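Student: Generate coordinates for the sequence data below:
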Amino acid sequence: MTTTVCPDCAADVAAADKYCEACGRALGGRRVILPHNDIAATVCVGCGGVRYNSDRYCVQCGERCAVRDRFEADLGAVCVLTDRGIVHARNEDAVAAAVLDGDLPGRPAAVVIVVCDGVSTSEDPQVASSAAARAGVEATLAALVGEQSADTAVMSGLEAAAQAVRATAAHERHSPSCTYVSAVVRDCGAAGVEIAVANVGDSRAYWLRAEAATTAHDEDNPPSQRLSVDDSWAQALVDAGAMDEESAMNDPRAHTLLRWLGADGGSRPWSDSCVRTLRTTGPGVLLLCTDGLWTYQSDATSLAPMATGAAPPSAARELAEFALRSGGSDNITVALAPVHP
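Tutor: Okay, the predicted model is just below:
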């Protein structure tokens, strides 16, 4: 078992520990997982009460607790947002993020992000996406605390997420399913920033360069680009040379998944090339999102000014509003991590 020491009291702790048993300090960084159950902070619109039963009905007047359409959080080094959209009755996406603090104030050692999109044709897809996001971020954090490399850490998170989703199956024919994309953003000092990405399905990761600050292109400052490769029918057509990407996305089967996390997705549902890395010395933003956003704008060069033109919380809201204005046909989840080497 990999061990390290508590930064407060220097007691030995395991890499996977969330708290130091000696002094109680929280380990493994700051976290957020959305959507979260914030019913305890909800005021009943019928009577003003704040007590609800397990089915989300007010115990005083019987009014059903309203479900929020949007959740968002800002951890500084990463901000996340998830929105129900217009067409869907519920949000089946989930997003989790964590910041592992570094030695210098305001400069995190690493950022971990997981975005999942529940497969609507499966039973209880929101259960799958929530389980995958939670397990993925925790396992990735544990690997980083255990001094594993960024690409090893994202793979550890993916393996844990796949196992967590399989465990949600209540019986043989019950298979909650979701897509999965995760990233580690790690500070490498003078060498810049390393980004490692892992994915299964068609939720995406993009590196979006801040063109206003950097116009020259060289190997140390890559241009805006998609970092993940979809496990979809459209991508298969592109890879086979049968269609270009624009034509493939117009195929009625374009969003059909070839890989996903779920009990029916196999014990090893990822491809051999599911992990990719990028290193940059220039400013930009890492974007992780579900197809509720990229369906309306999938080109990295076009996304870049939208994601880098404002502070990440404002940019995340603008990206969500853009998707809503474009139709909002699916749940929308956005995670933005600014990169300033």
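
Student: Tyr52 is in contact with Cys58, correct?
Tutor: Yes - checked against Cβ atoms under 8 Å, the pair Cys58 and Tyr52 is within contact range at 5.8 Å. To be clear about C-beta, it is placed using only N, CA and C from the backbone, and glycine gets the same treatment.

Student: Could you list every helix and strand that the helix or strand that contains Ala96 packs against?
Tutor: When elements are defined using DSSP states H and E, Ala96 is found to belong to strand 93-100. Counting contacts by 3 or more Cβ pairs under 8 Å, 6 or more residues apart in numbering; DSSP states H and E, the secondary-structure elements packed against strand 93-100 are strand 30-34, strand 79-83, strand 110-117, helix 125-145, strand 332-339.

Student: Provide a list of residues in contact with the residue nearest in space to the middle of the chain.
Tutor: Among the residues of the chain, the smallest C-alpha distance to the mean C-alpha position (Cα atoms, centre = their mean) belongs to Val115, namely 2.2 Å. With contact set as Cβ atoms under 8 Å, 6 or more residues apart in numbering, Val115 has these partners: 93-95, 133, 180-182, 203, 288-290, 333, 335.

Student: about what we covered before: out of the helices and strands packed on strand 93-100, deepest packed?
Tutor: For the helices and strands packed on strand 93-100, ranked by mean neighbour count under the definition mean count of other Cβ atoms under 10 Å, the leader is strand 110-117 at a mean of 30.

Student: That one pairs with which strands?
Tutor: Based on DSSP bridges, the strands next to strand 110-117 in the sheet, each with its direction, are strand 93-100 (antiparallel), strand 180-187 (antiparallel).

Student: Could you dump those strands into TSV with mean neighbour count, mean pLDDT and distance to Arg226 added?
Tutor: Below are the strands paired with strand 110-117 laid out as TSV (neighbours: other Cβ atoms under 10 Å; pLDDT from 0 to 100; distance: least, Cβ to Cβ, whole Å):
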stretch	mean neighbour count	mean pLDDT	distance to Arg226
strand 93-100	28	96	19
strand 180-187	28	97	11
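
Student: Would you format those as a markdown table with distance to Leu278 included?
Tutor: Below are those laid out as a markdown table (distance: least, Cβ to Cβ, whole Å):
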| stretch | distance to Leu278 |
| --- | --- |
| strand 93-100 | 19 |
| strand 180-187 | 10 |
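
Student: So for Cys58 and Tyr52, which residue has more residues nearby?
Tutor: With other Cβ atoms under 10 Å as the criterion, Cys58 and Tyr52 differ in neighbour count, and Cys58 comes out ahead with 21 against 18.

Student: Got phi/psi on the more buried one?
Tutor: According to degrees, to the nearest 10, the main-chain angles of Cys58 amount to phi -60, psi 130.

Student: Contact partners for it?
Tutor: The neighbourhood of Cys58, defined by Cβ under 8 Å, 6+ apart, consists of Cys44, Gly46, Cys47, Gly49, Arg51, Tyr52, Arg64, Cys65.

Student: that older thread, now list whatever residues contact both of Cys58 and Tyr52.
Tutor: With the criterion set as Cβ under 8 Å, 6+ apart, the overlap between the contacts of Cys58 and Tyr52 is Cys44, Cys65.

Student: Pull the contacting residues for Gly102.
Tutor: Counting by Cβ under 8 Å, 6+ apart, Gly102 touches Pro108, Ala109, Ala110, Asp187.

Student: Wait, the second one touches Leu100, no?
Tutor: Read that as Ala109. Yes - counting by Cβ under 8 Å, Leu100 is a contact partner of Ala109 at 4.8 Å.

Student: which residues are in contact with both of those two?
Tutor: Between them, Ala109 and Leu100 share the neighbouring residues Leu144, with contact defined by Cβ under 8 Å, 6+ apart.

Student: Does the residue nearest to Arg317 when sequence neighbours are not counted have any beta-bridge partners, and if so which?
Tutor: Setting aside the residues directly before and after it, Arg317 is nearest to Leu81 in space (Cβ to Cβ, 6 or more residues apart in numbering), at 6.7 Å. Beta-bridge partners for Leu81, by DSSP bridges, are Glu72, Val334.

Student: re the thing from before, CSV for the contacts of Val115, including distance to Pro223?
Tutor: Formatted as CSV, the entries for the contacts of Val115 read as follows, by distance: Cβ to Cβ, whole Å:
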residue, distance to Pro223
Asp93, 28
Ala94, 30
Val95, 26
Ala133, 29
Tyr180, 26
Val181, 20
Ser182, 23
Ser203, 22
Leu288, 19
Cys289, 19
Thr290, 24
Thr333, 25
Ala335, 21
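
Student: ok, so of those residues, who is nearest Ala310?
Tutor: When the contacts of Val115 are ranked by distance to Ala310 (Cβ to Cβ), Ala335 comes first, at 15.6 Å.

Student: quick one: pLDDT of that closest one?
Tutor: The predicted local confidence for Ala335 comes out at a pLDDT of 98.

Student: In a helix, Val238, correct?
Tutor: Yes - according to DSSP: H, G, I helix; E, B strand; the rest coil, the state of Val238 is that of a helix.
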